[in-house]
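1. Mind looking at a prediction? Sequence and model below.
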Amino acid sequence: MTVDVRATRDVVDIITGGWRAQALYTAVKLGLPDHIEAGRTTCAELAASTGANERGIHRLMRLLVAMGIFKGNESTGYRSTRVSEALSDGPQSLRDMCLLYGEEFYSAWGHAHHAITTASSGFEVAYGQSFYDYLSQDAATARRFQHTMNAGSMFFHQVPEIFDFSGGKMVVDVGGGGGHLLATILGAAPDARGTLFDREHMMPKAREHLTAAVGPDRVQLVGGDMFKDVPAGGDVYILCRVLAGWDDDAVVNVFENCRRAMAASSRLLVLDRFVEDENSTVLPALWDLHLLMTTGGEHRTLDRITALLDRAGLDIKRIGELPMETTALIAAPRTPSQHQKHP
């Protein structure tokens, strides 16, 4: 029997992916990107700065250079790359994402077999409670999670390119978190006003960010529960990456609450990742399984989310594509005559 060397190499590359992820996590945990940017470019200097074993640092750096995280060697000194610079401390840093994925999320994925065979959260097996309960009790992890969400929001600046928020519109960001998307929208549309709606515990951080970004006069903050109701009077309602952790009936409930709050001319923007059951690429399929590991949730197909909007009396009028595998659905409330066609 002939050995398929290419297939063997492909398998090895796949099954060692977790090792590579943990090597990168360790580099970030030790602060190596910052130390190297600060001019500590030898293993001895890095070991002294981090308190780690010099031989361990040497072996780690050999792999990280091979992976393209850093460049150089012990003789010439190690240097930063675009990848390592993205992991250094700063407003756009992916540092907290690496820490979260390397600790809590890595533990959740350790229970992948259980999660997939039972269609339930691997995180709950690892930590004995739901992911969101854990966040409410662990401020450091909650902070890393918020930073991770912000780091994955590189599509925000393109949202005003697919929808016109000008003309004095009131924009209601439902589940708006720390206010970064709303601040981006209001920055792009100076005559627009905004309402950020989320749980009460999100208000202090959102208020701080929005006050600094757009000032206190253009935005109001409202605490509440989107499963009960949402603020009325908006011209545009936004649901950005807040639906994947909930079942279909709960999502329809949110859509219905938005529909009741909307005027006939209002629009609902659903910004989310959607999966395809045929010809899927790897990353959307990975994000979907990751939701199962962490919250027990899932990403939906476009057909499925369309059916849920239909149940709530909303019709998709336009679809726009955004970076980071994100899709924008622009939906309008169905008129009474259209309701008659959809009993």
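-> That came in fine, so what should we check first?
2. helices and strands of this structure: which one bottoms out on pLDDT?
-> helix 336-341 (a mean of 56; mean pLDDT, DSSP states H and E).
3. Now do the helices in the stretch 201-343 of the chain.
-> 203-214, 248-261, 282-294, 302-311, 336-341 (DSSP state H, counting those that start in this stretch).
4. could you redo those as CSV and give each row distance to residue 32 and mean neighbour count?
-> (Each C-beta comes from the backbone N, C-alpha and C, glycine too.) Shown next, in CSV, are these (distance: least, C-beta to C-beta, whole Å; neighbours: other C-beta atoms under 10 Å):
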stretch, distance to residue 32, mean neighbour count
helix 203-214, 29, 16
helix 248-261, 42, 18
helix 282-294, 26, 17
helix 302-311, 41, 17
helix 336-341, 58, 9
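5. what are the ranges of the helices in the stretch 51-200 of the chain?
-> Under DSSP H, counting those that start in this stretch, the stretch 51-200 of the chain gives helices at 54-66, 82-85, 95-102, 104-109, 112-118, 122-127, 131-137, 139-151, 159-162, 180-188.
6. any idea how far residue 215 is from the closest residue to residue 199 other than its chain neighbours?
-> Closest residue in space to residue 199, ignoring its immediate chain neighbours: residue 223 at 6.5 Å, by C-beta to C-beta, 6 or more residues apart in numbering. Applying C-beta to C-beta, to the nearest Å, the value for residue 223 to residue 215 is 20 Å.
7. same deal with residue 107?
-> 42 Å.
8. residues touching the residue nearest the centre of the chain, list them.
-> Closest to where the C-alpha atoms of the chain average out (C-alpha atoms, centre = their mean) is residue 149, at 4.1 Å. Residue 149 makes contacts with 177, 178, 241, as judged by C-beta atoms under 8 Å, 6 or more residues apart in numbering.
9. Quick check, pLDDT for it.
-> Confidence at residue 149, expressed as pLDDT, is 80.
10. what's the answer for the one 4 residues further on, then?
-> Residue 153 is assigned 77 on the pLDDT scale.
11. Give me the nearest residue to residue 277, chain neighbours excluded.
-> Distance criterion C-beta to C-beta, 6+ apart; nearest residue to residue 277, sequence neighbours excluded, is residue 301 at 6.2 Å.
12. Spit out the contact partners of the one you found.
-> 274, 275, 276, 277 are the contacts of residue 301 under C-beta under 8 Å, 6+ apart.
13. Got the phi and psi for residue 31?
-> As for residue 31, its main-chain torsions (degrees, to the nearest 10) stand at phi 70, psi 20.
14. and it, how many neighbours?
-> Applying other C-beta atoms under 10 Å, we find 18 residues neighbouring residue 31.
15. Show me the protein divided up by domain.
-> As recorded under automatic domain parsing, the domains making up the chain are 5-85, 95-150, 154-277+295-341.
16. between the ones you listed, which gets nearest to residue 285?
-> Minimum separation from residue 285 across those (C-beta to C-beta) falls at domain 154-277+295-341, 6.4 Å.
17. one step back: residue 124 is nearest to which of the helices of the stretch 201-343 of the chain?
-> Between the helices of the stretch 201-343 of the chain, helix 282-294 lies closest to residue 124; by C-beta to C-beta that is 9.3 Å.
18. how much does that closest one deviate in direction from helix 139-151?
-> Angle, helix 282-294 to helix 139-151, by axes from the mean of the first three to the mean of the last three C-alpha atoms, to 10 degrees: 160 degrees.
19. And helix 282-294, how far out from the chain middle?
-> 12 Å (C-alpha atoms, centre = their mean, to the nearest Å).
20. cool, stretch 98-117 as well?
-> Taking C-alpha atoms, centre = their mean, the mean C-alpha location of stretch 98-117 is offset from the chain mean by 16 Å.
21. cool, and stretch 312-322?
-> That offset, for stretch 312-322, works out to 21 Å (C-alpha atoms, centre = their mean).
22. Return the alpha-carbon coordinates of that stretch using CSV.
-> What follows is stretch 312-322 as a C-alpha-only set of coordinates in CSV (Å, rounded to 0.1, in the frame of the first residue of the first chain):
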residue,chain,number,x,y,z
ALA,A,312,-42.2,38.6,12.9
GLY,A,313,-43.7,40.6,10.0
LEU,A,314,-40.5,41.8,8.5
ASP,A,315,-39.2,41.5,5.0
ILE,A,316,-35.6,41.8,3.8
LYS,A,317,-35.3,44.6,1.3
ARG,A,318,-31.6,44.6,0.7
ILE,A,319,-28.4,42.6,1.6
GLY,A,320,-24.9,44.0,2.0
GLU,A,321,-21.6,42.3,2.5
LEU,A,322,-19.2,43.5,5.2
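23. Numbering from 496 from now on, please.
-> Okay, using 496 as the starting number, the last item reads as stretch 807-817.
24. what residues are up against residue 547?
-> Contacts of residue 547 (C-beta under 8 Å, 6+ apart): 525, 541.
25. Please tell me how far it sits from residue 513.
-> Using C-beta to C-beta, one gets 21 Å for the distance from residue 547 to residue 513.
26. follow-up on the earlier one: just name the closest of the contacts of residue 644 to residue 681, please.
-> Of all those, residue 681 sits closest to residue 673, with 14.1 Å by C-beta to C-beta.
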